[in-house]
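Sequence isn't available, so here's the structure alone:
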């Protein structure tokens, strides 16, 4: 009997590491950030996590059932999408908004482009930007300890100074923000877990963070002030984005040089948006724009075949 070979799109699985195993490990790695979000913001955060994640899984199941496709909810990719979206929501966001975001992420960004491996942008970030555009007020209102407060980044942007910025609280994560972005410690616990397993490496997040720090130090007006740099790293979604969304296998480059270029682009765009854009954040837009430029990055950085003008 002759063997049949099938050509499929990325992500390509090697050895005994399957897509479902990778997604399960990412889910586990996100749990410290989710747990701290519940500790920090209480039951509203917990309900948002449950409803948003469940809506993502249900949307994927119903769509695949109606379209007579193979049911893929067991690969945990929908769980990761829903959980990431929930961690990018304000803790007081209405439950219907998270559910709507999950439907958009799975149905529009993922499934309508062919499913896992075919989407051109991170589904959770695509949904977050959709919600930001559609419900700007709800997505940018943060309540902490019963008081509506500005995030540290928004406060720095408004004041133009570092007065009132408590970097100790920012390191601990006891600050206003989205459910999963406030605790750098919790995020790094999950990131180190993925690094040790070899699910991700330092190339993209390391280049992203280093480029961002250099950019804001040159153009931010505070030089290499440790307080300013710490506030920028810990006061928004950069760490969550760098370790868990910029490293998405499907929407990031596969070549080593491409990953370096991608990380540098992310750092520059995030710096531009934060320092000169209309918002104090910018991570989501930076990652989505970079996602769309990945084919060009791959084309430029892909090693040329021997004898076609490449290095010998």
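Nice, I can see it. Since the model is a prediction, treat every value here as computed from it, not as a measurement. Numbering: from 1, shown residues only.

which SS class is residue 143?
Put simply, residue 143 is strand when judged by DSSP: H, G, I helix; E, B strand; the rest coil.

Residue 91 is in contact with that one, correct?
Yes - when contacts are counted by C-beta atoms under 8 Å, residue 143 is listed as touching residue 91 (7.3 Å). For glycine as for every other residue, the C-beta is placed from the backbone atoms N, C-alpha and C.

Which of those two has more residues huddled nearby?
For residue 143 and residue 91, the more surrounded residue by other C-beta atoms under 10 Å is residue 91, and the numbers stand at 26 against 14.

Grab the nearest non-local neighbour of that one.
Distance criterion C-beta to C-beta, 6 or more residues apart in numbering; nearest residue to residue 91, sequence neighbours excluded, is residue 41 at 3.6 Å.

Is there a neighbour count for residue 158? I'd like the number.
Counted with other C-beta under 10 Å, residue 158 comes out at 10.

Could you report the separation of it from residue 152?
Distance of residue 158 to residue 152, given as C-beta to C-beta, to the nearest Å: 11 Å.

okay, how far is it across stretch 138-158, tip to tip?
19 Å (C-alpha to C-alpha, to the nearest Å).

make that stretch 187-207, sorry
Using C-alpha to C-alpha, the two ends of stretch 187-207 sit 17 Å apart.

Report the buried residues of it.
Burial within stretch 187-207, assessed by neighbour count using 16 or more other C-beta atoms under 10 Å, is assigned to 187, 189-191, 193-195, 199-200, 203-205, 207.

same check, this time on stretch 151-169
Within stretch 151-169, judged by 16+ other C-beta under 10 Å, the buried ones are 151, 152, 153, 154, 155, 156, 157, 162, 165, 167.

so of the residues you listed, which ones are in helices?
152, 153, 154, 155, 156, 157, 167 (DSSP state H).

picking that back up, now tabulate the buried residues of stretch 187-207 in CSV and tack on distance to residue 136 and pLDDT.
Formatted as CSV, the buried residues of stretch 187-207 follow (distance: C-beta to C-beta, whole Å; pLDDT from 0 to 100):
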residue, distance to residue 136, pLDDT
187, 25, 97
189, 32, 97
190, 29, 98
191, 30, 98
193, 34, 98
194, 32, 97
195, 35, 97
199, 34, 95
200, 32, 95
203, 34, 97
204, 29, 97
205, 28, 98
207, 31, 98
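
among those residues, which are in helices?
187, 189, 190, 191, 193, 194, 195, 203, 204, 205, 207.

what sits against the fourth one?
Going back to what we said before, that points to residue 191. Applying C-beta atoms under 8 Å, 6 or more residues apart in numbering, one finds that residue 191 lies in contact with 29, 200, 205, 243, 244.

Repeat that for the fifth one.
Neighbour list for residue 193: 25, 28, 29 [criterion: C-beta under 8 Å, 6+ apart].

now that we have those residues, which one has the most neighbours?
residue 29 (23 neighbours).

so that one touches residue 186, yeah?
No - counting by C-beta under 8 Å, residue 29 does not reach residue 186; the two are 10.2 Å apart.

tell me, how many neighbours does residue 303 end up with?
Neighbour number of residue 303 under other C-beta under 10 Å is 11.

Roughly how far does it sit from residue 255?
Distance from residue 303 to residue 255, by C-beta to C-beta: 7 Å.

one step back: need the ones in helices among the buried residues of stretch 151-169 in a markdown table with pLDDT and distance to residue 282, can you?
Formatted as a markdown table, those follow (pLDDT from 0 to 100; distance: C-beta to C-beta, whole Å):
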| residue | pLDDT | distance to residue 282 |
| --- | --- | --- |
| 152 | 75 | 15 |
| 153 | 81 | 9 |
| 154 | 76 | 12 |
| 155 | 75 | 16 |
| 156 | 77 | 13 |
| 157 | 74 | 11 |
| 167 | 81 | 20 |
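
which of those lies closest to residue 124?
residue 153 (20.2 Å; C-beta to C-beta).

Who are the contact partners of the closest one?
Counted by C-beta under 8 Å, 6+ apart, residue 153 has contacts 231, 232, 235, 236, 274, 280, 281.

can you pick the most crowded of the residues you listed?
Busiest of the contacts of residue 153 [other C-beta under 10 Å] is residue 235, holding 28 neighbours.

wait, isn't residue 244 in contact with residue 27?
No - if you go by C-beta under 8 Å, residue 244 and residue 27 don't touch, sitting 10.7 Å apart.

These two - which one has more neighbours?
residue 244 (26 against 19).

Could you report the separation of that one from residue 101?
In terms of C-beta to C-beta, residue 244 sits 17 Å off from residue 101.

From residue 273, how far out is residue 64?
For residue 64 relative to residue 273 (C-beta to C-beta), the value is 36 Å.

All the strands of the stretch 51-200 of the chain, residue numbers only.
142-144, 147-149 (DSSP state E, counting those that start in this stretch).

So what's the model's average confidence on the last one?
Confidence for strand 147-149, expressed as mean pLDDT, is 59.
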